[in-house]
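> Any chance you can model this:
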Amino acid sequence: MGFARACSVALVGVEGVVVEVQADLEPGIATFALVGLPDKTLIESRDRVRAAVVNSGATWPQKKLTVGLSPASVPKSGAGFDLAVAAAVLGAAEVVDPAVIADLVLIGELGLDGRVRPVRGILPAVLAAAEAGYRQVVVPQQCAAEAMLVPDVSVLGVRSLRQLIAVLTGGEVPEEDPPDPPGRPDPMLAGLLVPGAGLGTGVARDRDGRDFPDLADVAGQHAARRALEVAAAGGHHLFLSGPPGAGKTMLAERLPWILPPLTRQDSLEVTAVHSVAGILPPGEPLVARPPYCAPHHSATMQSLVGGGAGVPRPGAVSLAHKGILFLDEAAEFSTKALDALRQPLEAGHVVIARAAGVVRLPARFLMVLAANPCPCGRHTLHGTGCECPVSVIRRYQARLSGPLLDRVDLRVEVEPVTRSDLLGRGGRGEATAVVADRVREARDRAVARLAGTPWRINAEVPGHELRTRWQAGPGALALAERDLERGLLTARGLDRVLRVAWTVADLRGRERPDALDVAVALELRTGIARGAAAAMGSGS
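Residues are numbered from 1 along each chain as shown. This next block holds a predicted model:
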């Protein structure tokens, strides 16, 4: 009777696969078969599409209808195929010209009344369509701004199936009521992201007039502030240990604001992840600042690294991609969940295998751990006030495994705030903007040095490259080599000391690390005072 094809996109993790939606009409009893490895949500599109077509004023074909989704080996889920299925059926019924929709990519969910509703993952879907050579895309009007982030693609945003039929047939496009306001982000995941964290007190204003937490509001904590600056400049993981109320969370909340804004490529990667997760803020199609993800300590391993029934969804490590993953009360997380972080910390991505397939999710983040030294939190108060037995303290601290901490470059003891610092008698520390400028300059030096390589920050450079291609100054590693022989450093630890030393040198404006830079790196990693803390000269 008739045949037509249209295209849509199936998302596997944050990567899209173009799917050809084929509709075939034959004489016979009116049935509707949907084949091609659809999930339950997609199977239900048969009823949504039929009702949407009828309520849009078109005639539903009373023939045997088969809709195939090719390639059949790719798992397909969600309601985003509704618009493509409807277009293919109307093309097979010759309501629209099949040639017009043959190379058209359509993404969107249909309501029973024919309205087109937004779906997740528009950006990665349109990116996949563009990479496959398609240049015309139809999406829900609410998602048009997100789709337009992809260059060289013509985007049509529609409010209803009636409007789409009018466009395809060359008729007068009917007026439709404005679409419903964009829905709130997925509540199951939106709580992990804390935009504008810490805005309650002490805010500054950036050049665009947006408020952000000011680092100058953190009383005292000169060593921790110095470590925060090094972490931001080189992308190094950070562990803050200290009693309650010392400022660990305040410091972590201010870290995203001393990081440079995301590059265009990084913004697209982060936006794609957040789009798939369904947590893009309404009216903000592009994520421009490094994300800050702070899961509760009751989070499961699956919520941290990703997973779920069917096709796996991004976890906290992916939502923090190119940003900050802050684990407050780190010792309260389950050991299984914490140890699951070891692989993404090294690889920069997560590979999740499920019966429905294997998914690779990006997960290159800066991790910040914060923990009390013991269950009561007073163990560091000069040995007084703590009521925890030694065995309890050891067991509590052992919840952060050695292999996990070995991947953390910077470890800082956050001491209680003194009365002088709290009352401001020692003067305020440096503001966020001042530290951010210094971090940007250090990163620019690293980018210039690493030009032509796959790395952009010091934390990403392999150890063998630092030992051969970018060597420290003569005699600079003597102290580190001694610690390695004494067992205070592992081989991985030595590589990480070298990376931190390069970051310290970048902050000081030096061409390569000297013995003082290495001493600062060792002090930040081992916590053993070596009299090198003033080497950075930050004044913070």
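
> any low-confidence regions in the stretch 151-300 of the chain?
Applying pLDDT under 70 to the stretch 151-300 of the chain flags residues 180-211.

> likewise the stretch 401-540 of the chain?
Within the stretch 401-540 of the chain, the ranges that satisfy pLDDT under 70 run 424-427, 529-540.

> so where do the strands sit in it?
Using DSSP state E, counting those that start in this stretch, the strands of the stretch 401-540 of the chain run over 410-413.

> Could you do the stretch 51-200 of the chain as well?
64-70, 105-106, 109-110, 116-117, 136-140, 154-158.

> now for the fifth one, which elements pack on it?
Helices and strands touching strand 136-140, by 3 or more CB pairs under 8 Å, 6 or more residues apart in numbering; DSSP states H and E, are strand 105-106, helix 122-131, helix 144-147, strand 154-158. The way it works is simple: take the backbone N, C-alpha and C, and place the C-beta from them, glycine included.

> now for those, which one comes closest to residue 312?
Among the helices and strands packed on strand 136-140, the nearest to residue 312 by CB to CB is helix 122-131 (14.6 Å).

> What are the buried residues along the closest one?
By 16 or more other CB atoms under 10 Å, the buried positions in helix 122-131 come out as 122-130.

> which one of those residues is nearest residue 448?
Set against residue 448, the nearest of these by CB to CB is residue 127 (29.5 Å).

> Look up the closest residue to the closest one, ignoring the ones flanking it.
Among residues not flanking residue 127 along the chain, residue 150 sits closest, at 5.6 Å (CB to CB, 6 or more residues apart in numbering).

> how close does the one you found get to residue 253?
Between residue 150 and residue 253 the computed distance is 33 Å (CB to CB, to the nearest Å).

> These two: which has the busier surroundings?
Remark: of residue 150 and residue 253, residue 253 carries more neighbours, 25 against 20, as counted by other CB atoms under 10 Å.

> can you tell me which helix or strand that one belongs to?
Residue 253 is part of helix 248-254, with elements assigned from DSSP states H and E.

> which other helices and strands contact whatever helix or strand comes next after that helix?
Per DSSP H and E, the first helix or strand lying C-terminal to helix 248-254 is helix 264-277. Where contact means 3+ CB pairs under 8 Å, 6+ apart, helix 264-277 is packed against helix 122-131, helix 316-319, strand 357-362.

> May I see those arranged in a markdown table, with distance to residue 3 and mean pLDDT as well?
Shown next, in a markdown table, are the helices and strands packed on helix 264-277 (distance: least, CB to CB, whole Å; pLDDT from 0 to 100):
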| stretch | distance to residue 3 | mean pLDDT |
| --- | --- | --- |
| helix 122-131 | 22 | 96 |
| helix 316-319 | 40 | 94 |
| strand 357-362 | 29 | 86 |
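
> would you turn the ones you listed into CSV with distance to residue 257?
Below are those laid out as CSV (distance: least, CB to CB, whole Å):
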stretch, distance to residue 257
helix 122-131, 25
helix 316-319, 18
strand 357-362, 22
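
> Quick one: closest of these to residue 375.
Comparing these by CB to CB, helix 316-319 comes nearest, at 24.6 Å.

> Just list what that closest one packs against, helices and strands only.
Counting by 3+ CB pairs under 8 Å, 6+ apart, helix 316-319 packs on helix 264-277, helix 301-305, strand 357-362.

> Of all the ones you listed, which one is nearest residue 222?
Closest approach to residue 222 among these (CB to CB): helix 264-277, 31.0 Å.

> Just after the closest one, pick out the following helix or strand.
strand 292-293.

> gap between that following strand and the chain center?
8 Å (CA atoms, centre = their mean, to the nearest Å).

> Also stretch 505-513?
Distance, centroid of stretch 505-513 to centroid of chain: 30 Å (CA atoms, centre = their mean).

> Now do it: distance from first to last residue.
5 Å (CA to CA, to the nearest Å).

> same deal with stretch 458-472?
Stretch 458-472 has an end-to-end distance of 13 Å (criterion: CA to CA).

> Now it: buried residues?
Neighbour counts using 16+ other CB under 10 Å place 458-461, 466, 472 of stretch 458-472 among the buried residues.

> Show me these that map onto helices.
Taking DSSP state H as the definition of helices, the buried residues of stretch 458-472 contribute residue 466.

> Widest-spaced pair of the buried residues of stretch 458-472?
Using CB to CB, the pair of those lying farthest apart is 460 and 472, separated by 17.9 Å.

> Could you give the separation of the helix holding residue 253 from the chain centroid?
Counting by CA atoms, centre = their mean, helix 248-254 comes out at 19 Å from the chain centroid.

> what do you get for stretch 54-73?
Remark: stretch 54-73 is offset 37 Å from the chain centroid, using CA atoms, centre = their mean.
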